[in-house]
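Participant: model this:
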Amino acid sequence: MTANEIRESFKKFFEEQGHLVVPSAPMVVKDDPTLMFTNAGMNQFKDIILGNTEPKSRRLCDSQKCLRVSGKHNDLEEVGHDTYHHTMFEMLGNWSFGDYFKKESIEWAYRYLVDVLKIDPKNLYVTVFEGSKEEGLERDDEAAKYWEAFFPADHIINGNKKDNFWEMGDTGPCGPCSEIHIDGRSEEEKAKVPGAELVNKDNPEVIEIWNLVFMQYNRKADGSLEPLPAKVIDTGMGFERLVRVMQGKNSNYDTDVFQPIIRKIGELSGFEYGKDEKVDIAMRVIADHLRAIAFSIADGQLPSNAKAGYVIRRILRRAVRYAYTFLDRRSAFIYQLVPTLVAEMGHAYPELPAQEVLISRVMKEEEESFLRTLATGINLLDGVISETKAAGQTEVDGSKAFTLFDTYGFPFDLTQLICAEHGMTVNEEQFNADMQKQKERARNAAAVETDDWVVLGEGETQFVGWDETEHECRILRYRRVQQKKQTHYELVLDTTPFYAEMGGQVGDTGVLTNAGEKVEIFDTKRENNLPIHLTRQLPADPSATFHAQVDVKARRRSEANHTATHLLDQALREVLGTHVEQKGSLVTPDYLRFDFSHFQKVTREELRQVERLVNSRIRENIALQDHRDLPMDEAKKLGAIALFGEKYGDRVRVVQFGTSVEFCGGCHASSTGQIGMIRILSESSVAAGVRRIEAITGQAAEESIYAMEDMVEGMKALFNNAKDLTVAIKKTIEENDGLKRQVEDFVKERIQAMRGKLIESAKDIDGVKVVKTVIPTSTTPDAVKDLAFQLAGMLPENLLCVIGSTHEGKPLLTVMLSKNLIESRGYNAGAMVREAARLIKGGGGGAPHFATAGGKDADGLEAAVDKVIELAGL
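Facilitator: Coordinates of the predicted model:
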């Protein structure tokens, strides 16, 4: 069976058992503050498991794309080095929400593996939870009893709490689980050591393929367990591992999931898979990481320096690093693998072919950027190596290696490799210590202490905020949260007019009031589809009835900005083309931000055209048509466009303003005239193929016009109220350019005269031509650099030139060396200037032949110049 056939057989089997087959949720999580990526099949059902949402069916199954690279499930550094770890992987799963439990789950797992896939049961082993004395939990005899119907006793193994008790997090639903392992060894090896002895022992051929989780408890904040009202079945089977078993391979990378990509890597690089272990690891890393990066970009997550974007950037850079080091790739090439990936997985995941051009362009730009970073890092590392050698040492300081990694993104293993080529080592212990300190700082900053919910009433929150900005309410539950020594409370209301942050629109603020008190709501968030109201103080009587009131002025501005993003999206498609697709947005009361796909800078004329279109529709005062609870098919007939990376239900809300039709759950103006007007402030690049527009509306747009008028009036005053300001400015610029040229000519003459005097005053000390001076008058850094390079041209051998200068009151130390002195005497301008810069209370650096340092104390220049001569041993 091919990988695609195996995936379909799983869905078909569980569909026959009464399960509703649902599509994979996006791999990038957008509305859950506890997760950046989907790392398990159950993530998209968290709100159902927590009881916040009713399931569309009590039985569900799917194939979910997942990513594990950080936090609890950190597999990144193992990927490529073994045969079965991955960053992006597919999880086949079936679920029951208060329907069937252990008996059916175990029976169907056996029937699928043995009856459908024809796996020999003698190669299968299952584990059951052995119990835990500290938790007061007995062995899971119920699961063991059901397994005994299919397996002999020596194939049913007790497992400890670490392997066989699953928990969603520090608190929440949890329960025992049963793992299914398969022994893929030869008959000869099986005869020597029974498979039961190798289960969960990290043997690469005796591996777990399926985990059946029986959620039957709820973990409270104090660590105690209570029974879960509605029991849940959550199973997850590693798709890539299953394909490996079915195709009789010893490695996931030898299956048809990865081999087409690996063959393409070989074709592009000229290396052959299976000949050299280091090359093989590199090819596996690239094949795996390609999938993670491509699916993330398709789901709307671009590489960046923050949060989820940083994780994607790290993955891509790891792939580039392996290509650079082991496949001799000095130019971008991983993006060329995208068509192969699309050909293999595009049928199962249509977002890949739909976003193929964007994925390729973003990856190419990221590769090229990191290759430039590597070149910069190598230059910096050369300076560190020279300094270390000059100090007579063979071990590079681990803190300097960490600075290269942390500040410049230069990989530590590449630092080790380059140092080894110079016969040197790196202090790995110091590097790890610095890394640990950074992790602890990040962990402390992110540490959150959350109490259990105090439940005052049952039920789900009813949101009335599309129609009302105030409403009577009661608190259903609340809890205390502590972070960074700050305490706040989270409230869940039975009815709320507060919009919880989602879809780019920030959450509402406002107050809860009753006869006795007023409680400020400073934000409204969404967690597992639950609107949560944040306050710094808990009401004196949480069980009282309150009047919830949204900050109407802020809400109206958010509504105007949100409606403006819809009109902006429509106008961009009309002006630039239908390839334009939303790639992100931010709607606040103060401004709006809109990211969209487009492969070149939007011209000034195009922006003006877009702005005019939006403002014309604002003046038309088009009324809102709010289509709520609409079947998906009807929504599409209206013309609403589904965005890749977004999760939609069977019934949706569609917001329409004339011909602008979009899926949206946010708050909007009742008509476009409420916006007032729009002003586009900026247009910029976010990533390859993605542009960003920032804009303001209403009163903010009006104020920006007044500010511009005031600025123009102020400039006119500077030019004696000239009638034509443009002509006056142009005339002044031309006059300034003429004066600049005169100054440059004067500086050149001065430098030439100074150069001659310095050559005449050069002293020969121990075979070195020493040129040193402190220029008494202010001189630009560029002029000093020009002088140093002219002197090097005129004295190409044995030159040590040290110049002290000032510019705008700040000291500058400049050192120039002849190449032969670097080679024969081990001089290093960068090391010399760093040491001498202390005397001017500054720092600097550069290449071995030329370096500069700035400082704060010009009085120390003479001493700094002499210090360089001293460091040269002269």
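
Participant: strands of the stretch 351-500 of the chain, start to end?
Facilitator: Counting by DSSP state E, counting those that start in this stretch, one finds strands in the stretch 351-500 of the chain at the ranges 395-396, 425-426, 448-450, 454-455, 462-463, 470-483, 486-493, 495-496.

Participant: looking at those strands, which is nearest to Thr732?
Facilitator: Nearest to Thr732, of all the strands of the stretch 351-500 of the chain, is strand 486-493, at 52.8 Å by C-beta to C-beta. C-beta here means a position set from N, CA and C on the backbone, and glycine is covered the same way.

Participant: between the strands of the stretch 351-500 of the chain, which one is closest to Pro796.
Facilitator: Pro796 lies closest to strand 395-396 among the strands of the stretch 351-500 of the chain, at 31.6 Å (C-beta to C-beta).

Participant: circling back to that earlier point, worst mean pLDDT among the strands of the stretch 351-500 of the chain?
Facilitator: Of all those, the minimum mean pLDDT falls on strand 448-450 (a mean of 84).

Participant: could you dump stretch 153-161 to PDB, C-alpha only?
Facilitator: Backbone C-alpha positions of stretch 153-161 (Å, rounded to 0.1, in the frame of the first residue of the first chain) are rendered in PDB as follows:
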ATOM      1  CA  ALA A 153      -0.200 -12.500  28.600                       C
ATOM      2  CA  ASP A 154       3.400 -12.100  27.500                       C
ATOM      3  CA  HIS A 155       2.300  -9.600  24.900                       C
ATOM      4  CA  ILE A 156       0.500  -7.400  27.500                       C
ATOM      5  CA  ILE A 157       3.100  -5.300  29.400                       C
ATOM      6  CA  ASN A 158       2.700  -3.100  32.400                       C
ATOM      7  CA  GLY A 159       3.800   0.500  31.800                       C
ATOM      8  CA  ASN A 160       4.700   3.200  34.300                       C
ATOM      9  CA  LYS A 161       3.100   6.600  34.800                       C
END
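
Participant: returning to that earlier point: can you put the strands of the stretch 351-500 of the chain in JSON lines and add mean neighbour count and distance to Leu60?
Facilitator: Listed next are those as JSON lines, based on neighbours: other C-beta atoms under 10 Å; distance: least, C-beta to C-beta, whole Å:
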{"stretch": "strand 395-396", "mean neighbour count": "20", "distance to Leu60": "54"}
{"stretch": "strand 425-426", "mean neighbour count": "18", "distance to Leu60": "51"}
{"stretch": "strand 448-450", "mean neighbour count": "12", "distance to Leu60": "28"}
{"stretch": "strand 454-455", "mean neighbour count": "12", "distance to Leu60": "27"}
{"stretch": "strand 462-463", "mean neighbour count": "15", "distance to Leu60": "25"}
{"stretch": "strand 470-483", "mean neighbour count": "17", "distance to Leu60": "27"}
{"stretch": "strand 486-493", "mean neighbour count": "19", "distance to Leu60": "25"}
{"stretch": "strand 495-496", "mean neighbour count": "22", "distance to Leu60": "29"}
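
Participant: mind putting those into a markdown table with distance to Gly223?
Facilitator: Compiled in a markdown table, the strands of the stretch 351-500 of the chain are given as follows (distance: least, C-beta to C-beta, whole Å):
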| stretch | distance to Gly223 |
| --- | --- |
| strand 395-396 | 46 |
| strand 425-426 | 42 |
| strand 448-450 | 13 |
| strand 454-455 | 17 |
| strand 462-463 | 34 |
| strand 470-483 | 16 |
| strand 486-493 | 21 |
| strand 495-496 | 32 |
